[in-house]
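Asker: structure of the sequence below:
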Amino acid sequence: MKTKTNIPLNPEMPMQEEPADLIRIGDILKLNPKVIPEKKIHFIHDHLHSPDFQSALDTFTYPQLTHLLDGLVAAAIEYYRLRFNMAADERTIKSQCENLLDFKERTGCSEPIDECLNEGCYHINPKCAVRKAKEDILVIAKVFESRANRSHIPHIAIELFFKKLINDYNCIGLILSDKFGTPKVFITDGSRISSVITTAMRRLADSIADFEFRFSVPNEPYLIFNQRFPIDAALIPKLAAIEKNPELIRYLKVITFSSVGFDVAYEKTVLTIIYIGDNMIRQYLQRLIDGISRIKIETDPDARIRQSFGRRIKPKT
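Answerer: Numbering: from 1, shown residues only. As a prediction, the model looks like this:
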């Protein structure tokens with residue numbers, strides 16, 4: 001079922017200036033030379049984004065790997081504070097890593113999940129524990145690649161922003177798409193509903209192509225395009241919220257995909273909010289759109305140039 005509703009539009013958020021100073025990894029990644037020799041610490045600082053870094057991890061012991069991972073997480077939190085003035089915590093940063101259940105399924109690990117959660121995996125299956133630590137290190141290291149590749153910055157920053165919103169409100173996931181409905185950023189709370197998401201995004205793309213979906217007009221109410229899918233027996237075990245509280249299924253009957261089209265620096269963008277139950281979308285939709293706009297303008301040079309075209313030049317007095 002598809003419906004459209006209106007949500008009032010608030011004034012656009014003013015553009016902020018981009019931070020000028022780049023952050024060196026050596027200044028924020030603090031490692032203990034009693035755990036990792038200084039020679040290796042210097043190598044990490046100099047080669048974190050080099051192909052040699054991945055192969056060098058083979059020479060690290062498991063305690064060194066876990067120490068490096070903890071250090072990278074702490075450095076990532078500081079990086080986002082300094083670079084984007086964005087608050088992040090350990091949970092937010094680590095959520096970018098593959099969750100244990102998916103890792104175990106992918107690698108064929110048959111050890112009890114309790115051992116993984118209690119940090120006892122290394123004593124049962126050291127090879128598996130080392131592999132997971134290495135993979136997590138490489139994932140977190142990508143946070144800092146934005147120093148060298150500016151095009152990665154919006155994607156990473158928006159992912160972090162989305163993760164915080166999912167934690168703050170009862171969302172299953174958030175998807176940012178281009179004007180054709182093609183997803184560019186996709187974050188979930190851990191719910192495994194890829195088949196439903198694929199169907200919903202295909203319907204969204206079709207509705208855009210058929211002009212059934214309408215982009216909101218600046219300074220006018222937002223137009224919300226809703227799709228609703230019944231929660232059946234196949235979906236129940238895949239929803240993280242119901243896994244944590246099975247009693248919810250007595251009250252939650254549908255998954256809702258609410259999509260809204262708007263402009264970011266004169267570029268059409270589609271935001272989709274996925275949720276179950278009563279979701280107070282009016283309370284945070286404007287915050288979401290303001291945050292996306294701010295991050296894009298602060299971190300994407302092309303968006304910043306487009307935004308400047310729309311500014312009125314004040315006459316000299």
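
Asker: any stretches of the stretch 1-150 of the chain with poor pLDDT?
Answerer: Counting by pLDDT under 70, the ranges of the stretch 1-150 of the chain that qualify are 1-22, 84-87, 118-120, 145-150.

Asker: for the stretch 151-300 of the chain, which segments count as helices?
Answerer: All helices of the stretch 151-300 of the chain, identified by DSSP state H, counting those that start in this stretch, fall at 153-168, 194-209, 240-244, 281-299.

Asker: ok, which of these comes nearest V260?
Answerer: Set against V260 and scored by Cβ to Cβ, the helices of the stretch 151-300 of the chain come closest in helix 281-299, at 7.0 Å. C-beta coordinates here come from the backbone N, C-alpha and C atoms, glycine included.

Asker: buried stuff in the closest one?
Answerer: Across helix 281-299, burial judged by 16 or more other Cβ atoms under 10 Å covers 281, 284-286, 288-289, 291-299.

Asker: swap in stretch 233-242?
Answerer: Quick answer for stretch 233-242 (16+ other Cβ under 10 Å): 235, 238-239, 241-242.

Asker: contacts for it, please.
Answerer: 170, 172, 189-193, 196, 229, 231, 243, 248-249, 252, 255, 276 (Cβ atoms under 8 Å, 6 or more residues apart in numbering).

Asker: by residue count, which helix of the protein is the longest?
Answerer: Criterion DSSP state H: the longest helix present in the chain is helix 62-84.

Asker: check which helices and strands that one is in contact with.
Answerer: For helix 62-84, the packing partners by 3 or more Cβ pairs under 8 Å, 6 or more residues apart in numbering; DSSP states H and E come out as helix 25-28, helix 90-94, helix 126-141, helix 153-168, helix 281-299.

Asker: which elements pack onto the helix or strand following the first one?
Answerer: What it means is helix 25-28. With elements assigned by DSSP states H and E, the helix or strand that comes after helix 25-28 is helix 38-47. Where contact means 3+ Cβ pairs under 8 Å, 6+ apart, helix 38-47 is packed against helix 51-56.

Asker: one more time with 7 Å, if that's ok
Answerer: Packing partners of helix 38-47 (3 or more Cβ pairs under 7 Å, 6 or more residues apart in numbering; DSSP states H and E): none among the helices and strands.

Asker: quick revisit: what's the closest of the buried residues of helix 281-299 to V185?
Answerer: The closest of the buried residues of helix 281-299, once distances to V185 are taken by Cβ to Cβ, is I292, at 9.1 Å.

Asker: where's the closest one relative to L165, distance?
Answerer: 10 Å (Cβ to Cβ, to the nearest Å).

Asker: run through the stretch 201-317 of the chain and note the low-pLDDT ranges.
Answerer: 301, 308-317.

Asker: can you give me the strands for it?
Answerer: Using DSSP state E, counting those that start in this stretch, the strands of the stretch 201-317 of the chain run over 222-230, 254-264, 267-276.

Asker: out of those, flag the one nearest D102.
Answerer: Taking the strands of the stretch 201-317 of the chain one by one with Cβ to Cβ, strand 267-276 is closest: 18.8 Å.

Asker: how about a markdown table for the strands of the stretch 201-317 of the chain, with mean neighbour count and distance to K30 added?
Answerer: Shown next, in a markdown table, are those (neighbours: other Cβ atoms under 10 Å; distance: least, Cβ to Cβ, whole Å):
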| stretch | mean neighbour count | distance to K30 |
| --- | --- | --- |
| strand 222-230 | 18 | 44 |
| strand 254-264 | 21 | 36 |
| strand 267-276 | 22 | 37 |
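
Asker: what's the closest of these to P183?
Answerer: strand 267-276 (8.3 Å).

Asker: so what touches that closest one?
Answerer: 170-179, 181, 204, 215, 239, 241, 252, 255-262, 281, 288-289, 292, 303, 306 (Cβ atoms under 7 Å, 6 or more residues apart in numbering).

Asker: sheet partners, orientation included, of it?
Answerer: Pairing partners of strand 267-276, with direction, according to DSSP bridges: strand 171-177 (antiparallel), strand 254-264 (antiparallel).

Asker: I'd like to know which of these is closest to I158.
Answerer: So among the strands paired with strand 267-276, strand 171-177 is nearest, using Cβ to Cβ, at 6.3 Å.

Asker: I'd like the distance between the residue lying closest to L176 once chain neighbours are set aside and S293.
Answerer: Spatially, and ignoring its direct neighbours in sequence, L176 is nearest to V185 (4.1 Å; Cβ to Cβ, 6 or more residues apart in numbering). Taking Cβ to Cβ as the measure, V185 falls 14 Å from S293.

Asker: what distance separates stretch 31-47 from the centre of its chain?
Answerer: How far stretch 31-47 lies from its chain's middle: 29 Å, per Cα atoms, centre = their mean, to the nearest Å.

Asker: measure it end to end?
Answerer: Start to finish, the residues bounding stretch 31-47 are 15 Å apart (Cα to Cα, to the nearest Å).

Asker: quick one: contacts of it?
Answerer: Residues outside stretch 31-47 that contact it (Cβ under 7 Å, 6+ apart) are 25-26, 29, 53, 56, 63-64, 67-68, 71.
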